[in-house]
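Colleague: Sharing a model prediction with you, sequence too.
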4 protein chains.
Amino acid sequence: MYKPLRGIIPATPTPMTEDGSIFPDYVPTLMNHLVSQKVQGIFACGTTGEFASLTVNEQIRMLEAFRDATPSGISLIAHVGRGSVAEACEVSKAAARMQVDRVSIAPPHYYKIGDARMLTEICARVAESADGLPFYYYHIPALSGTSVMMRDFVPLAIKAIPNFKGVKFTNENLMDFMSCVDEFGECAEMIYGRDEMLLAGIATGADAAIGSTFNYMAPVYAQIMQSFQNGDHVSARRWQARAVSVIRLFSRYGGSAVTKAMMKIVGVDCGPNRQPLRNHAKEERTALKNDLEKTGFFEWRNGNEL
Amino acid sequence: MYKPLRGIIPATPTPMTEDGSIFPDYVPTLMNHLVSQKVQGIFACGTTGEFASLTVNEQIRMLEAFRDATPSGISLIAHVGRGSVAEACEVSKAAARMQVDRVSIAPPHYYKIGDARMLTEICARVAESADGLPFYYYHIPALSGTSVMMRDFVPLAIKAIPNFKGVKFTNENLMDFMSCVDEFGECAEMIYGRDEMLLAGIATGADAAIGSTFNYMAPVYAQIMQSFQNGDHVSARRWQARAVSVIRLFSRYGGSAVTKAMMKIVGVDCGPNRQPLRNHAKEERTALKNDLEKTGFFEWRNGNEL
Amino acid sequence: MYKPLRGIIPATPTPMTEDGSIFPDYVPTLMNHLVSQKVQGIFACGTTGEFASLTVNEQIRMLEAFRDATPSGISLIAHVGRGSVAEACEVSKAAARMQVDRVSIAPPHYYKIGDARMLTEICARVAESADGLPFYYYHIPALSGTSVMMRDFVPLAIKAIPNFKGVKFTNENLMDFMSCVDEFGECAEMIYGRDEMLLAGIATGADAAIGSTFNYMAPVYAQIMQSFQNGDHVSARRWQARAVSVIRLFSRYGGSAVTKAMMKIVGVDCGPNRQPLRNHAKEERTALKNDLEKTGFFEWRNGNEL
Amino acid sequence: MYKPLRGIIPATPTPMTEDGSIFPDYVPTLMNHLVSQKVQGIFACGTTGEFASLTVNEQIRMLEAFRDATPSGISLIAHVGRGSVAEACEVSKAAARMQVDRVSIAPPHYYKIGDARMLTEICARVAESADGLPFYYYHIPALSGTSVMMRDFVPLAIKAIPNFKGVKFTNENLMDFMSCVDEFGECAEMIYGRDEMLLAGIATGADAAIGSTFNYMAPVYAQIMQSFQNGDHVSARRWQARAVSVIRLFSRYGGSAVTKAMMKIVGVDCGPNRQPLRNHAKEERTALKNDLEKTGFFEWRNGNEL
């Protein structure tokens, strides 16, 4: 029976070797770590997974590695998006063949999309290639440049795409988010994707979250969710503030590039980033570690009350 | 004894006559309406009050009218900001002389401010002119173009400005908002200013809110606050969704220009907008009214459960 | 008989004393300097003149000082724009009474203007206050936030405003500029306002230019114009490249704030900037001077071939 | 002997069949048309060529078709850029094997590039894959989101990339363009890429231009160049104004999507666009044709004086 996504779902990095090749053999190690963090799903080969820097074959190979390593009880969402719709369909078909649990796409992003119908047509095509697998649209206007409001897109998607299941909403426009929860929440899972504002996302209706910082501090976010559900708003805010104290550091350490540095710091070395993401020099990683210590990260990241 | 701001505080319009003159004599009528809505404060001559379209003398005259009409128990926050700091000081002095309860400024906005120290110096100068009155900085980057993070500004303001009391935060960056609540919440009131996201603002730490739509549906927002504090998240979301269903309409009816149209519709005719805000033709107001009816606005705007 | 604007017209700063008061008595000294640079007009109390930081009375007082100091043969364009249309009309009337040569306004800029008709109505009102003086609209979207295309505005302005004479076009959209030159050039003077791209402006049809760097290197721009008209494109580019080598430095020294530092350096000390523009510390001005030396500024700024 | 690029170079579309497959067999027909327009080069599989919507194999296959069809005397620039650097290297190697004349890349565009050194490293890698072929960087910040100034990039590229030859500069920042012409013009060809501002590009130093509208009105741009070189500025402006009168229409007809509609109109049917670009309905193409007629397009597009 179909179960909607719930809880904390890391958007996980693509392990690479020092020479920049993909490193599928490392996925089981990465997966063990994530499972130990009690995550409820895995979002593979998305923004954090550097999909845009992979070739089609690399993306398919990595999805296989994740499929093989994902234990039952954890839902694997395969990000099959590519700049080219033709390529996205190719990856989508492969994902269906290898029987991942769900698929998702960020939209084409060189030519920017401003029309909800065009976005729906594209999603419909990729969703069809996925052969009935639950399909999620990945809304991330800061990177994709898409200017379509989800409130306009979601009703079209519900109508046109039989396997449409919801939206990974990586944006701060909570009015748009909330409109979708309110009007289409019965038919579309609205999953929040801005870790630094997760509490706001939950308050406005999210039951699940996908984010990059869940790779190394998932229990913090579980505490936010749990506290909120218990009506303990003070605790919820305290945990969110802890997450924020870490995320705030990243503006100095390079945004998207920081995930792999953090993974190294927590002992799960996923290797370097590909261009155009930069890699930290050793001194920079040491500085980041020192800054993390000041926030108490190493004490509270496992979700233990201090 | 000093009491921090709490609850629902409308950013109220400046009444005008049909020929576009200010209409201070209408303020008591407007005030009666607002009091009947159970608001806890009044923010006068701000963005909704068209401060940028007033002359210095008009702004002072209107603040006097609001001072005269504000009953005890309701806090009057006089927005004394102007494009020119020299003029802001002039209005600030006048506000102090006439003994309003608090003052606030949006920053100079033709030359954009990107430096937290410059912003602090400007606020310090205007706050000093206010002769000790509680002072709030009005953060509204979408209109002022200011790119300073509040997390950088608030600690400087606390140090440099004896009468600094907090920030009216009209932005969707809840990471910045939350950082301030978490780190400086003891010394700075963080007041939320995006009505359509109030629930998110409360979840991340707001105890007070200033907004334009509170002029005609304040009880809706009181319900959001109350429900949230009671731990009734479903009810909180339902009320916020109602507010959103109305605010969403405004993209079609002209953003800032819509407040006076709404006031007419709820029977408190504050007259026309000044240029550059446009005024609705009668047909347009009728269309807006019809759209409002479809949302149920006239049934739930007084905060009654249906 | 009416003469359209031609040639090099500095957007001149407002002299101030060390305590930040306006300093009208310095205007004759400033004017002598500008006249010695062979400028053909003066644009007073505009962006470079810090209009947005002045009070209405200060702006009027400064315009009087400029009126008194402007010799015959040089056209004084009084910028009468203010954030508030009511105030702009007040300054416009004063400018007409004191008989400046022409008036101009930047539009209201807190509430942004997106509609060509609204912009026309506002201009019509201010132009009417100017009692028949030649009127110019000042298009500077980077600061005013106006999103109206001049191609849409100019035909409306020609029709609705009897004393409309043209546009000071401070933008890099040369397609819009060129459209206006081509279609309305008979009825509207299209004056270019981006000094660093003046050669491009001339090539696409400008006969006059208003800019801030003309205060201290007007002869450089006269050389650009002259070379271009002589068909000596190599020389035109060489002079433009010289101007660019200086303007490029300013990103490090603070954009709008730099004019008064440059005036000090060329020996015409117009005093400090008002907030929110910052003032250079002495060391910073020394560094700027050194950087200028490397460009050869002090050798070629008077327009002499090297 | 190496010859720098000169003159008018269309950024040409990728022919497709009605079902959206690539249509390499149509390239000779397209090429005949372009040759008849007296173009001096061909830029294939770039933005206009929908590279971002092709698969790697499709891009390589199309480049082969262009290589086969390009007559001697016309320079074929193969755009080998992809979202992924790994894929760009793959296409670059193929382009070198098939012996195109030159290669070029737009940079990765999902993760935005803000650092000149990173951009140089990426270009160096792709340029190396091209096995010594002349290499051009394609600067198009409106689509790629790259915030690097060319003035910072070009000197690094000259130093680090032996086969670096220049920049296709598709931006309106003519100060940056001009800085490069002035300082590095001996070592880097600065090619202008905004058709609607070509005259400004030439005035500031361009000797060559690459653009999409050259596919159907190349002679108009040849006239602009010729007139300018003859010192006939009035004629240059008249021809540029004609081009502008057409380009201006496109805001109504869908930007990037319009090239294939225009090709149909001039009788060189390159088929439909791929998603996310839309295709015109027949009525829309008729409307466009009518609008074109009003501009005189069909009379002057072949560069004949009227």
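Modeller: Received, thanks.

Colleague: beta partners of A:Y137?
Modeller: Using DSSP bridges, the bridge partners assigned to A:Y137 are A:I105, A:V167.

Colleague: if I pick A:P141, what's in contact with it?
Modeller: A:S147, A:N171 (C-beta atoms under 8 Å, 6 or more residues apart in numbering or on different chains). Bear in mind the C-beta positions are built from the backbone N, C-alpha and C, glycine included.

Colleague: correction: A:A69
Modeller: A:V27, A:P28, A:L30, A:M31.

Colleague: Mind doing that once more with 7 Å?
Modeller: A:V27, A:P28, A:M31 (C-beta atoms under 7 Å, 6 or more residues apart in numbering or on different chains).

Colleague: So which of those residues belong to helices?
Modeller: In this view, these that belong to helices under DSSP state H are A:V27, A:P28, A:M31.

Colleague: Turn the buried ones among the residues you listed into a named PyMOL selection, would you?
Modeller: Selection of buried members from these for PyMOL, criterion 16 or more other C-beta atoms under 10 Å in any protein chain shown:
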select buried, chain A and resi 27+31
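
Colleague: ok, and of the ones in helices among the contacts of A:A69, which contact chain B?
Modeller: Among these, not one lies near chain B by C-beta under 7 Å from any C-beta of the partner chain.

Colleague: closest to chain D among the ones in helices among the contacts of A:A69?
Modeller: Within the ones in helices among the contacts of A:A69, the smallest distance to chain D is 19.3 Å, found for A:V27 (C-beta to the nearest C-beta).

Colleague: So for that closest one, what's the pLDDT?
Modeller: We have a pLDDT of 98 for A:V27.

Colleague: before we move on, what about the one 5 residues further on?
Modeller: A:N32 is assigned a pLDDT of 98 by the prediction.

Colleague: next one: A:F66
Modeller: 98.

Colleague: Same check on A:K294?
Modeller: A:K294 carries a pLDDT value of 97.

Colleague: element containing it, please.
Modeller: Element membership for A:K294 (DSSP states H and E) is helix A:282-295.

Colleague: other SSEs contacting that helix?
Modeller: helix A:233-247, helix A:258-265 (3 or more C-beta pairs under 7 Å, 6 or more residues apart in numbering or on different chains; DSSP states H and E).

Colleague: which residues does the residue nearest to A:L133 when sequence neighbours are not counted contact?
Modeller: Among residues not flanking A:L133 along the chain, A:V103 sits closest, at 5.2 Å (C-beta to C-beta, 6 or more residues apart in numbering or on different chains). Counting by C-beta under 7 Å, 6+ apart, A:V103 makes contact with A:A78, A:V80, A:S92, A:A95, A:A130, A:L133, A:F135.

Colleague: and A:V103, helix, strand or coil?
Modeller: State at A:V103, reduced to three classes by DSSP: H, G, I helix; E, B strand; the rest coil: strand.

Colleague: Can you give me the end-to-end span of stretch A:103-117?
Modeller: End-to-end distance of stretch A:103-117 (C-alpha to C-alpha, to the nearest Å): 20 Å.

Colleague: That concludes my questions; thank you for your assistance.
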